[in-house]
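1. The following block contains a protein sequence and its predicted model.
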Amino acid sequence: MSQHSKFTSCSSSSSNNNHSKHKDIKSLLPNFNEFIDGKDSLDNLDAFVSNAVQFIAMCPNAFNKQLPKSENECLQKIMQAMNARSTGGQQQPGQIFYEQYNDATESINEQRVRDMLANLLLCSVQDDSQLQLLLGDGSLLLPPHSSKSSLQSSSQHNGNGNGLRNGNSNGNSSGTSNSNSSGNTISYDPTQASVALGQQPIPNYMLELAKQQNIDVGDDIVQNAIYSFIGVQGKYLKKDVVTGRFKLDAAHAKQLSSGQSSLLLRLAELGYYHDQVKKYSNSSTGYNAMGSMGYAFMSRLKEELNDYHGQVAQLLDVVKRHRLGQLTDYANSDLDWLQQRQQAPLTLMKLITWYMRPLQRMQWLTKISNACQLRKGGELASVVYGFLNNGNPMLDKLANDLLSVCCVPLVHMISKWMLEGGIEDNHGEFFVESLAEVGADRLWHDKFRLRLSMIPSFISHELADKILKTGKCINFLREICKIEEAVKGRKELKHIIDNQVSHIFAFVPDTTWHAAIETCYAQTSKHVLDIMVGPHKLLVHLQGMRRYLLLGQGDFATIFIENIKDELVKLGSDIYSHDLSAMLDAALRGTNAQYDDPEILNHLDVVVKTPYPGDCGWDVISLQYTVRGPLATMLEPAMPTYKTLFKPLWRMKHMEFVLSTNIWKEQMGNAKALRALNNEIGKATYRLNLFTAEIMHFVHQMQYYVHFEVIECNWVELQKRMQEATALDDILDAHSKFLQAISIGCFVKDSTNKESHLGVVYDTIISLVNIQAQFYDDCFTELNARKEMAKIIAESEQSGRFGLTTVQKMERDQERKIFEQKVMTFCHTLEDTSSIYGKAVGGFLLALNSSTDPNLQLFGTRLDFNEYYKKRDTNLSKPLTFEHMRMSNVNGHTKSHSTGRYSMAPQL
């Protein structure tokens, strides 16, 4: 017979047998439960298992739902429960049950039937809510009140082969007597066919009401927990006004068990984090992120909360549907118990299982939001970026989503700046800022700059600088060059930049977004470079400034100084620039400068600075190179450096001119004229010539070093870098380094005292001019006096007086002694001047030798090629160790020479 026919025969039997079988099924499980708690023999287990097997075999489709446990799981739990309740003995009840179960089910091959049997047996052993829901509304699990005699009676009938039926084939109603003996009240059954009292008991309405109330209390606890997920207080959970966390309500906490209390507090933690995220997503609380990127961040938090609220709403819907199912089942409680099947209720343990994932997400959202509060722009993006790549896939995905949303306004600002040159930054969060107080003449260097605090950590400083320069080039072309050309492929670049937001914070900057940035930068910079090098002749003007402001055109500098030498010795207040302009034009026409580009010569001019008291022409006259238009915007910051460099170069020319014209030329010219005084001034002039040669060697070496080894070598390097330049900034950077190297080589604003030592040397040269001029004036006065005396003697001889008077001889002797005294004074003055010069040169050489630059060390060696100064200065003769350099700067001293280098006293 098929399973369907078995079930049909089971359902088509007489009504008396149906009710009788129904009653036996109800008593089957409680009797089994009672037997487990008992202490009698285990002989009736076989009969009980046989009854259960026969019932499952007769109605195999009684349970349509999916079974909660497998057969092995149920058997293990039954054996554990029976062994736990055993009071001792030689053999465990669980093992006896297992053996009898195997014997009874040996003929059952279908696994689902075996699973149903095992779940049915397990249902009577332990209070499993899932198994009770599977079997019905719980009416099968009656309290264990049946006596053992009823089980024995049932077992006897089962042993006769009657199975689960209480009546036998002869019509004996043994089930009725058993029912009466157990205390059940007999009531009228309208469904029975025979005339007799039915076997259906009167319902216990108080018990049903208590069951319904218990179910409502459980649902209230679960509903309270669910509402706490969204921060709503309830009957059992209240918020702490200080911490904001949930706590148990004192008035109703007594109704909860310790397990329920702990689970409620644990579940309410999710509501606390929900409130924290909600606080950070509201701009009115003051704890939120700021700026447009902050608003995007809060918008994403609200989306997370909306998704979370949807999940909580689904939980509430499950509770609502479960309650509706309970009401429906209760209303249809008179139906057959096999048809009463409902969904499993939502319990606190199920909520614990559900809330783990949302809790982890809300905790990380709270942590990220707390770190981002009161931040904006790139600083906000850097904080969110710090949560990426930490090994947690969930957190990495969450941070990636948040950062993608935050970077949308940033990418839009970058696109606007690089493609249109505009800044849309109402909240000061873009890492490029425009200074309104800076004019157009400083547009390239000072108008725009980077906000270092707003550069995101995933954007390198190099990339941020390229973004800055790209927008700066567009503004330069539009505002200075008056060129309104758009970037090539602007639409494609804009599409890539705006739509590839997540690429901006890629771990390796090799995405299409970075490629678009590089393309935009290269195109814009190359366009500006072509315009400046082509029509505006940037390289030609740099060459012109090198030739004239840095005095690289040697013949021009010499002729120009020769033309204005009369103006150079005047007081600064007596010099006028219009007089010098004509001399400048004459110098340009008389030298190779006449072959230069007229564009360069038109920018060259001579100016007279405001004189200070005592200034001469050398101090106020200066060359000036005027740049206009786009060139002024590019080269304006470099012009003060050129003026600063012109001063030491011009002063070296001044010293060279003084040495060659005023000192050396005068010495050579007066040597023959004062030959008559050679006996008196021979030693003085010899030492004067030596001192002059020493100074000229120093000045010539300085000029050679500065013009050839510093300026010329760095200019060659600058030309090489200009040829390799791909952007205008490459040329400007190379030019800036060129000026910086020259400033170091010319000892301008040097951190050591090299410049001060050079100042002493130059002052010594100027004082030597005055000392020499006074010396030669005294010499020519003495020479003229002697010539006058010889003339007087010659005239007296012609008149026959033959000689001088005693008074004349005494006067002449006195004048001779005075002259000799002046010569001695000149020698001492020359000795003092040379001593000051020697100390200055020694200090300068010590500074050069102490430098870390090998070129300066070699320059010091060339200045003291014969070790003349090294022999006279003990600091210069020591090894260049750190200790000796330190001691030279602190406690250094020069050998004391009581007689000096040019002393006329005999050397011992």
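-> Thanks, I have it. Numbering: from 1, shown residues only.

2. How about the contacts made by residue 429?
-> Neighbouring residues of residue 429 by Cβ atoms under 8 Å, 6 or more residues apart in numbering: 290, 291, 292, 293, 376, 377, 378, 380, 409, 410, 454. Where C-beta positions appear, they are placed from N, C-alpha and C, glycine not excepted.

3. shouldn't residue 504 be in contact with residue 413?
-> No - between residue 504 and residue 413 there is no contact under Cβ atoms under 8 Å: 11.6 Å.

4. Let's see which of the contacts of residue 429 end up in helices.
-> Residues of the contacts of residue 429 located in helices (DSSP state H): 291, 292, 293, 377, 378, 380, 409, 410.

5. Identify the farthest-apart pair in these.
-> Pairwise distances among the ones in helices among the contacts of residue 429 were taken by Cβ to Cβ; the largest, 12.4 Å, belongs to 292 and 378.

6. More neighbours: those two, which one.
-> Using other Cβ atoms under 10 Å as the criterion, residue 292 and residue 378 rank with residue 378 on top: 26 against 21.

7. Now do the helix or strand where residue 655 lies: distance to the chain's middle.
-> Element membership of residue 655, judged by DSSP states H and E, is helix 639-657. Centroid displacement of helix 639-657 relative to its chain, using Cα atoms, centre = their mean, to the nearest Å, is 45 Å.

8. Quick check: what element follows the helix or strand in which residue 827 is found along the chain?
-> Residue 827 belongs to helix 806-849 when assigned by DSSP H and E. Using DSSP H and E, the helix or strand that follows helix 806-849 towards the C-terminus is helix 854-863.

9. Buried residues in that following helix, which are they?
-> 856, 859, 860, 863 (16 or more other Cβ atoms under 10 Å).

10. Pick out the residue closest to the middle of this protein.
-> Central residue of the chain (Cα atoms, centre = their mean): residue 457, 2.1 Å from the mean position.

11. Next, it: secondary structure please.
-> Three-state call for residue 457 (DSSP: H, G, I helix; E, B strand; the rest coil): coil.

12. ok, now residue 247?
-> strand.

13. number of nearby residues for it?
-> 15.

14. again, but for residue 764
-> 21.

15. So this structure: which segments form each domain?
-> Split into domains by the TED database, the chain comes to 208-330+342-371, 375-533, 536-626, 649-889.

16. closest to residue 71 out of these?
-> Among the domains of the chain, domain 208-330+342-371 comes nearest to residue 71, with 20.3 Å by Cβ to Cβ.

17. Quick check: mean pLDDT of that closest one?
-> The average of the pLDDT scores along domain 208-330+342-371 is 86.

18. if I pick residue 786, what's in contact with it?
-> With Cβ under 8 Å, 6+ apart, residue 786 has these contacts: residue 676.

19. Also the one 3 residues further on?
-> Residues in contact with residue 789 (Cβ under 8 Å, 6+ apart) are 804, 808, 812.

20. Look at the nearest residue to the second one once chain neighbours are set aside and report its pLDDT.
-> Meaning residue 808. Excluding the flanking residues, the one nearest residue 808 by Cβ to Cβ, 6 or more residues apart in numbering is residue 792, at 7.2 Å. Residue 792 carries a pLDDT value of 83.

21. Verify the assumption that residue 792 is located in a helix.
-> Yes - with three-state DSSP as the criterion, residue 792 is located in a helix.

22. Which residue ranges of the stretch 301-450 of the chain form strands?
-> In the stretch 301-450 of the chain, the strands defined using DSSP state E, counting those that start in this stretch lie at 432-434, 448-450.

23. Need the mean per-residue confidence for the helix or strand following the last one.
-> Using DSSP H and E, the helix or strand that follows strand 448-450 towards the C-terminus is helix 461-479. For helix 461-479, the mean per-residue pLDDT is 90.

24. chain center to helix 461-479: distance?
-> The answer for helix 461-479 is 21 Å, by Cα atoms, centre = their mean.

25. same check, this time on stretch 782-796
-> Stretch 782-796 has its C-alpha centroid displaced from the chain centroid by 93 Å (Cα atoms, centre = their mean).

26. Using PDB, write out the CA atom coordinates for that stretch.
-> Taking Å, rounded to 0.1, in the frame of the first residue of the first chain, the C-alpha atoms of stretch 782-796 are listed here in PDB:
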ATOM      1  CA  GLU A 782     110.200 117.300  -1.300                       C
ATOM      2  CA  LEU A 783     111.300 116.900  -4.900                       C
ATOM      3  CA  ASN A 784     110.100 120.400  -5.700                       C
ATOM      4  CA  ALA A 785     111.800 121.800  -2.600                       C
ATOM      5  CA  ARG A 786     115.100 120.200  -3.600                       C
ATOM      6  CA  LYS A 787     114.700 121.500  -7.200                       C
ATOM      7  CA  GLU A 788     114.000 125.000  -5.800                       C
ATOM      8  CA  MET A 789     117.100 124.700  -3.500                       C
ATOM      9  CA  ALA A 790     119.300 123.700  -6.500                       C
ATOM     10  CA  LYS A 791     117.900 126.600  -8.400                       C
ATOM     11  CA  ILE A 792     118.800 129.000  -5.600                       C
ATOM     12  CA  ILE A 793     122.300 127.600  -5.400                       C
ATOM     13  CA  ALA A 794     122.800 128.000  -9.200                       C
ATOM     14  CA  GLU A 795     121.600 131.600  -9.100                       C
ATOM     15  CA  SER A 796     123.900 132.400  -6.100                       C
END
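
27. Go through that stretch and flag the buried ones.
-> Neighbour-count burial for stretch 782-796 flags 782, 783, 786, 789 (criterion: 16+ other Cβ under 10 Å).

28. what do you get for stretch 387-399?
-> Buried residues in stretch 387-399, counted by 16+ other Cβ under 10 Å: 387, 388, 395, 398, 399.

29. Kindly reformat those residues as JSON lines containing pLDDT.
-> Below are the buried residues of stretch 387-399 laid out as JSON lines (pLDDT from 0 to 100):
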{"residue": "387", "pLDDT": "91"}
{"residue": "388", "pLDDT": "89"}
{"residue": "395", "pLDDT": "92"}
{"residue": "398", "pLDDT": "93"}
{"residue": "399", "pLDDT": "92"}
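
30. so can I have a markdown table of these showing distance to residue 716?
-> Shown next, in a markdown table, are the buried residues of stretch 387-399 (distance: Cβ to Cβ, whole Å):
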| residue | distance to residue 716 |
| --- | --- |
| 387 | 52 |
| 388 | 48 |
| 395 | 57 |
| 398 | 57 |
| 399 | 52 |
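
31. wait, which of the residues you listed is closest to residue 868?
-> The closest of the buried residues of stretch 387-399 to residue 868 turns out to be residue 388 (Cβ to Cβ; 68.3 Å).

32. Distance-wise, check the residue nearest to the closest one when sequence neighbours are not counted relative to residue 509.
-> Once flanking residues are discounted, residue 388 sits nearest to residue 399: 4.9 Å by Cβ to Cβ, 6+ apart. For residue 399, the distance to residue 509 (Cβ to Cβ, to the nearest Å) stands at 19 Å.

33. for residue 604, same thing?
-> 47 Å.

34. Neighbour count for those two, which is higher?
-> Remark: of residue 604 and residue 509, residue 604 carries more neighbours, 21 against 18, as counted by other Cβ under 10 Å.

35. wait, doesn't that one sit right on residue 548?
-> Yes - counting by Cβ under 8 Å, residue 548 is a contact partner of residue 604 at 5.5 Å.

36. out of everything not next to it in sequence, what's closest to residue 522?
-> In space, not counting the residues next to it along the chain, residue 522 is nearest to residue 726; the distance is 7.1 Å by Cβ to Cβ, 6+ apart.

37. TSV for the ones in helices among the contacts of residue 429, including distance to residue 283?
-> What follows is the ones in helices among the contacts of residue 429, written out as TSV (distance: Cβ to Cβ, whole Å):
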residue	distance to residue 283
291	11
292	12
293	13
377	16
378	20
380	14
409	15
410	19
